[in-house]
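[1] Could you look at this predicted model? Sequence included:
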Amino acid sequence: NENVLYEENVLRVKKENKYGLIDLNGKELLPIEYDEITVLDGMENSIIIKKDGKVGLVNYNGSILIEVNYKDIRALGETYKDGYITIDDAGKYGVVSATKKQILENKDDEIMPVYLKDYYLIKEGEKKEVIDSNGNVILVNDKPLEVLNTESEEVYTESNRMSIRTNIPLNKGDIIDILY
């Protein structure tokens, strides 16, 4: 039945071709004003809302995490806690955290998670960068970083832009670069 969507004690309701959300007690969580409401596939606590051709995202409490301003929203990682990739009408990618914080503005051609906490691989045209959640550039594909110093397991690179812990023996002059 398309009138009811059950997801973790949240029900989708349809009235006059518009959708909203209620809990199992009938309390309104989200007003009945959306053109479509669906779950973000494979992602708990993430419900896509659509209105006037744009999408946004709410959690199971009906709290809006991402305003209805985007062409598409995708999961950034394996859980909602990893955040979300937003894609605007121009096809530019950005990142929003599960706590509503805009991590990266929508200005990149592509964004992929780097499986180190709070790092992202962004692509803008042919340029690729690894940046942290504060927007600091860690690596740029057109300028590989030369290892300048190693202390125990820490490796320091040019301008100390990157410090990583590795069990691979690296020496001064070795190169760290983006593989994409």
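    Ah, there it is. Numbering: from 1, shown residues only.
[2] Near residue 29, how many other residues are there?
    Other residues near residue 29 come to 19 when the count uses other Cβ atoms under 10 Å. (Each C-beta comes from the backbone N, C-alpha and C, glycine too.)
[3] Isn't it up against residue 62?
    Yes: between residue 29 and residue 62 there is a contact under Cβ atoms under 8 Å: 2.9 Å.
[4] Mutual contacts of those two, please.
    Any residue near both residue 29 and residue 62 by Cβ atoms under 8 Å, 6 or more residues apart in numbering counts here, and that gives 10, 21.
[5] Not counting residues beside it along the chain, what's closest to residue 112?
    In this structure, residue 112 finds its nearest non-sequential neighbour in residue 121, 4.6 Å apart by Cβ to Cβ, 6 or more residues apart in numbering.
[6] What about the one you found, how many residues nearby?
    Here the count is done by other Cβ under 10 Å, and residue 121 has 20 residues near it.
[7] cool, and residue 128?
    If you count neighbours by other Cβ under 10 Å, residue 128 ends up with 21.
[8] so where's the chain shaky on pLDDT?
    1-8, 113-118, 138-180 (pLDDT under 70).
[9] 50 instead?
    Low-confidence segments of the chain (pLDDT under 50): 1-4, 6, 148-165, 167, 178-180.
[10] So in terms of bridging, what pairs with the residue nearest to residue 112?
    As for beta bridges, residue 121 partners with residue 112, residue 130 under DSSP bridges.
[11] Would you agree it is in contact with residue 127?
    No: checked against Cβ under 8 Å, the pair residue 121 and residue 127 is beyond contact range at 11.4 Å.
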